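**Q** fold the stuff below for me.
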Amino acid sequence: MKTKLSKLVQQLNAENAPSDGWRAEDRVVDKPEEGKVYALTGGPGSRCIANGNSWSESEVTDADPAAGENEA
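**A** Down below sits the predicted model:
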């Protein structure tokens, strides 16, 4: 059985919505911040946007090792 994406989204929202409906404070706000560096792509398991991580999870800090760099 084929289900259109829009129908599936409606069904999932109906099944998982709070009984009193969604409120503005339920919304997750995760946006990139100016002046910060984020990993957009990376290898399997790395913290990056392409792997489904949030902007805050994908932030690059000086303590993070470079992609592909191993500690020896």
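**Q** residues contacting the residue nearest in space to the middle of the chain?
**A** In the chain, the C-alpha nearest the mean C-alpha coordinate belongs to residue 54, at 3.3 Å (CA atoms, centre = their mean). The contact partners of residue 54, taken as CB atoms under 8 Å, 6 or more residues apart in numbering, are residue 30. For every residue, glycine as well, the C-beta is placed using N, CA and C.
**Q** and it, backbone torsions?
**A** phi -80, psi 170 (degrees, to the nearest 10).
**Q** what about residue 9, which helix or strand?
**A** helix 5-16 (DSSP states H and E).
**Q** where does pLDDT dip in the chain?
**A** 1, 64-72 (pLDDT under 70).
**Q** let's see 80
**A** For the chain, residues meeting the criterion pLDDT under 80 lie at 1-3, 28, 62-72.
**Q** that older thread, for the residue nearest to the centre of the chain, give its distance to residue 9.
**A** Distance, residue 54 to residue 9, using CB to CB, to the nearest Å: 20 Å.
**Q** ditto for residue 53
**A** Taking CB to CB as the measure, residue 53 falls 22 Å from residue 9.
**Q** the more surrounded of these two?
**A** More neighbours surround residue 53 than the other of residue 53 and residue 9, with 17 against 10 (other CB atoms under 10 Å).
**Q** check contacts around the closest residue to the more buried one other than its chain neighbours.
**A** Nearest-residue entry for residue 53: residue 47, 5.0 Å, with adjacent residues in sequence omitted and distances by CB to CB, 6 or more residues apart in numbering. By CB under 8 Å, 6+ apart, the contact list for residue 47 reads 39, 53, 57-58.
**Q** who wins on neighbours among the residues you listed?
**A** Neighbour max across the contacts of residue 47 (other CB under 10 Å) = residue 58, 23 neighbours.
**Q** many thanks, I have nothing further to ask.
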